[in-house]
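Chemist: just to be clear, the model below is a prediction. Sequence and coordinates:
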Amino acid sequence: MCNLRDHTAMSSISPRDAEWRQELRDAMPAKERTAIPRAKMAMLDPEYRIHCNEEVNQGLSADQAHVEASRCLDCPDPQCVTGCPVNIDIPGFIKNIQRGDMAMAAAVLRNTSALPAVCGRVCPQERQCESKCIYNKMKKEPVAIGWLERFAADTERELAERPAPERLAPKGIKVAVAGSGPCSLSFAGDMAKRGYDVTVYEALHEIGGVLKYGIPEFRLPNSVVDAELDSLRDLGVKFVADTIVGKTLSYDDLMNEGYKAIFVASGAGLPRFMGIPGENFINILSSNEYLTRINLMHAGTPGFATPVPRGANVAVIGGGNTAMDSVRTALRMGAKKAMLVYRRSEEEMPARREEVLHAKEEGVEFMTLSNPVEYLADEKGHVRAMRVQRMELGEPDASGRRSPVPIEGAIDEIPVDVVIVSVGVSPNPLIPNSFNGLEVTKRGTIAVDEQLHASIPTIFAGGDIVRGGATVILAMGDGRHAAASMDQYLQSISE
Amino acid sequence: MNKILEKEHFSANVVRLEVEAPLIARSRRPGHFVIVIPDEKGERIPLTIADSNIERGSITLVIQAIGESTKKICSLEPGEYLHDVVGPLGQATKIANVGTVVCCGGGVGVAPLLPIIRAMKEAGNKVISVLAARTKDLIILEKQVAEYSDEVIIMTDDGSYGQKGLVTNGVEQVLMREPVGEVVTIGPAIMMKFVALLTKKYNVPTQCSLNTIMVDGTGMCGACRITVGGKVRFVCVDGPEFDAHQVDFDEMLMRLRAYN
């Protein structure tokens, strides 16, 4: 839909032709570099980690990071960068790690990404930067770009003196952002660097959107998100919680307060259900509800008032990252048996490979080629069983994946106490409904042009409210893209 | 943080709070609700806005102490704070001139009914209000309701005030006596269920305002989903008001017991 290449190719702040980089390249022959095996990530033991909420991946040690960084060949035409939706200067930050300039490594990351510690943890690098690494062509494991990114960002947090980010002089022009998820944060960071006065409005009581309510602590600790928010505050970005753009503040209110443009990145919103009999029984809930209760509202933590359904047998329906987050959360909430029910085979699962592996290590039962068709409840309406249709793979469908076909008569009844439905989301209608004249698509997403410009001149939009459901990094790419577009627009109207 | 400006006890368990919330006061319409978090470790609970004062920058909430969270809110005193108040949420009530409107409320449901009564009157309707409660002490806001109503019928279960009987008895008296364009009902789900059954018999269009379990209140979680006319709807973004004749109240009553 949008070509990010054109907008984000910023000149590197740590150029490849620097003398020290040439020296690093000359220091070790390529053959020697490529003989080094890829680093192994230290992880918490599965037995231990399912009884707590601590982060599973422990990060690379300084030694590991140094060795891994030396694997990078510092290619003259690095393909990894083309695989990154925000075009991070990947060899630039990796070589700075290798020479031990951690402040510079972090600065290179921050130049293009507002949330490196987040991306280093949750990006599907295996499908992006790492999939383009030259090592793949040599039939070797790619450089662990994601782990190095995380290392650089985490190390930066511990540096006594953090370099001040480059920032243009304040322009005195106010812009508003609806939503505080990854798309908004990426936008806000770029706009603040361009000298704009940025205020981010969030409907929930915590800033961070899906990074807070959705992604669990064991994959992305809140302290990491908070540190990234502090970096944005250092840039002058203001955050206002408990405020719904379109409801608490109307479009006219914002214009009257002097905002010159609004960026809408209000997220995916409505959870989808399957529409099968019994789906409204008690203890059947969306993954959004389940994860929000636990991650945002701290259900299950002593002293917090929000309840959450628990049970011995928990089934999660779906095969994406959110389904994986839900089923692994269910284990940590005490499920004896946590099942992942997916209608295709494991090969077609959209979840990250790493999440699938972690879930298996933790004892999640994978019930693939299975699709619930009905739920049964006890006399009080609590779900007690699901009827599951067994499937087999047929011909490839429009998405190129082999589509599942029901096996006639193969229906099993499986006892369940809690069911978490994780089959996707629809766009949240709240903002589209409350802005007069804002054009929406048939799917309910906000209609935008290639510059992410909506039908109202002062409004730009990006992330899931435009895409309908994607990843953190694609949302962040939209944020950068929209910042470039809005900057251009605001300059054009002031001329 | 939102400051409590004023507090009034309607009865032992029912409290009226005037809460500082200038932006919400300005943008809210009859029918809207807010999500309130009582304290730092509190849950998010939906409460319908009963009134607002733009000059004072405040909204009015009427709360019945039932669970932990509502008890906490009811125990707050002026000068103390609610941790979070967000809104206004939901769709505003559709107000039209339909001739005669019967507005019936049970218990604390009378509080969110009041702004609708006022708006219905201002739209030129003849407004007949039916207020119902278990006993005399639990009838609230009678004077304010009377101010905007052409007639007020009081029903109590024990006959301690007004007539002895249920809200449906009061509504049926009116339906039998004169043509009614619309009925609006707010109260416990079980009450609204029986009002809907009654008005269906008389074929009178009926709006109800539902108060389901919610988390975010903005459409994100689906905790509030109910079935209306055979379709799944979210009370927070599609409602809270629906055609009472289409609502599956039995399913809603079941879902309200999810955490009991």
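Modeler: Looks like it came in fine.
Chemist: quick check: phi and psi at the residue sitting furthest away from the middle of chain A.
Modeler: Within chain A, A:Glu379 marks the point farthest from the mean C-alpha position, 40.4 Å out by Cα atoms, centre = their mean. The phi and psi values for A:Glu379, taken as degrees, to the nearest 10, are phi -70, psi -20.
Chemist: likewise for B:Leu210?
Modeler: phi -100, psi 140.
Chemist: quick one: residues contacting it.
Modeler: Residues in contact with B:Leu210, defined by Cβ atoms under 8 Å, 6 or more residues apart in numbering or on different chains, are B:189, B:192, B:226, B:235, B:239-242, B:247, B:252. Backbone N, C-alpha and C define where each C-beta goes, glycine included.
Chemist: just those: which are in helices?
Modeler: B:189, B:192, B:235, B:252 (DSSP state H).
Chemist: would you list the phi and psi of the residue in the stretch 51-200 of chain A positioned nearest to chain B?
Modeler: The minimum distance from the stretch 51-200 of chain A to chain B, using Cβ to the nearest Cβ, falls at A:Gly179 (10.6 Å). The phi/psi pair for A:Gly179 (degrees, to the nearest 10) reads phi 100, psi 150.
Chemist: what number of residues lie near it?
Modeler: Other residues within reach of A:Gly179, judged by other Cβ atoms under 10 Å in any protein chain shown, total 31.
Chemist: and the strands in the stretch 251-400 of chain A?
Modeler: A:259-264, A:284-286, A:313-317, A:337-342, A:365-368, A:370-377, A:383-396 (DSSP state E, counting those that start in this stretch).
Chemist: and chain B, which of those strands is closest to it?
Modeler: strand A:284-286 (4.3 Å).
Chemist: name the helices or strands packed onto that closest one?
Modeler: Contacts defined by 3 or more Cβ pairs under 8 Å, 6 or more residues apart in numbering or on different chains; DSSP states H and E place strand A:284-286 against strand A:418-421.
Chemist: and the contacts of the strand it packs on?
Modeler: A:271-274, A:279, A:283-287, A:290, A:309-311, A:313-318, A:323, A:326-327, A:330, A:335, A:372, A:375, A:383, A:386.
Chemist: and that strand, what's its mean pLDDT?
Modeler: For strand A:418-421, mean pLDDT is 98.
Chemist: could you export it as CSV, CA atoms only?
Modeler: Only the C-alpha atoms of strand A:418-421 are listed here, as CSV (Å, rounded to 0.1, in the frame of the first residue of the first chain):
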residue,chain,number,x,y,z
VAL,A,418,-12.1,-21.4,29.7
VAL,A,419,-12.1,-20.5,26.0
ILE,A,420,-10.1,-17.6,24.5
VAL,A,421,-11.1,-16.6,21.0
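Chemist: so who does residue 178 touch?
Modeler: I went with chain A, as the question did not name one. A:184, A:201, A:245-246, A:262-266, A:431.
Chemist: hmm, I had chain B in mind actually
Modeler: So B:Glu178 contacts B:Thr100 (Cβ under 8 Å, 6+ apart).
Chemist: and chain B, which residues reach chain A?
Modeler: B:23-24, B:27, B:37-38, B:41-44, B:68-69, B:83-89, B:215-216, B:218-223, B:225-227, B:232, B:234, B:237, B:251, B:254-255, B:257-259 (Cβ under 8 Å from any Cβ of the partner chain).
Chemist: drop anything exposed from these.
Modeler: Neighbour counting by 16 or more other Cβ atoms under 10 Å in any protein chain shown classes B:23-24, B:27, B:37-38, B:42-44, B:69, B:84-89, B:215-216, B:218-223, B:225-227, B:234, B:237, B:254-255, B:258 among these as buried.
Chemist: circling back: from the residues of chain B next to chain A, which land in strands?
Modeler: Assigned to strands by DSSP state E, the following of those qualify: B:37, B:84-89, B:225-227, B:232, B:234.
Chemist: can I get those residues in CSV including distance to A:Lys193 and pLDDT?
Modeler: Shown next, in CSV, are these (distance: Cβ to Cβ, whole Å; pLDDT from 0 to 100):
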residue, distance to A:Lys193, pLDDT
B:Ile37, 34, 97
B:Asp84, 31, 97
B:Val85, 34, 98
B:Val86, 30, 97
B:Gly87, 34, 93
B:Pro88, 35, 96
B:Leu89, 34, 95
B:Arg225, 42, 96
B:Ile226, 46, 96
B:Thr227, 49, 97
B:Val232, 44, 95
B:Phe234, 38, 95
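Chemist: farthest pair in the ones in helices among the contacts of B:Leu210?
Modeler: B:Met192 and B:Val235 (12.7 Å; Cβ to Cβ).
Chemist: how about residue 209: what's its closest non-neighbour residue?
Modeler: Looking at chain A here, since you left the chain open. A:Gly181 (2.6 Å; Cβ to Cβ, 6 or more residues apart in numbering or on different chains).
Chemist: to clarify, I was referring to chain B.
Modeler: B:Ile186 (4.5 Å).
Chemist: just to check, the one you found is in contact with B:Cys208?
Modeler: Yes: using Cβ atoms under 8 Å, B:Ile186 and B:Cys208 qualify as a contacting pair, with a distance of 7.0 Å.
Chemist: for A:Ala410, what are its contacts?
Modeler: So A:Ala410 contacts A:389-390 (Cβ under 8 Å, 6+ apart).
Chemist: now it: phi and psi?
Modeler: phi -90, psi 80.
Chemist: any idea how far A:Ser403 is from it?
Modeler: Between A:Ala410 and A:Ser403 the distance is 17 Å, computed by Cβ to Cβ, to the nearest Å.
Chemist: try A:Leu73
Modeler: 41 Å.
Chemist: find the helix or strand that residue 17 is a member of.
Modeler: Because you didn't say which chain, this covers chain A. Applying DSSP states H and E as the criterion places A:Asp17 outside every helix and strand.
Chemist: my question was about chain B
Modeler: Per DSSP H and E: strand B:14-20 holds B:Leu17.
Chemist: chain center to that strand: distance?
Modeler: Centre-to-centre, strand B:14-20 and its host chain are 15 Å apart (Cα atoms, centre = their mean, to the nearest Å).
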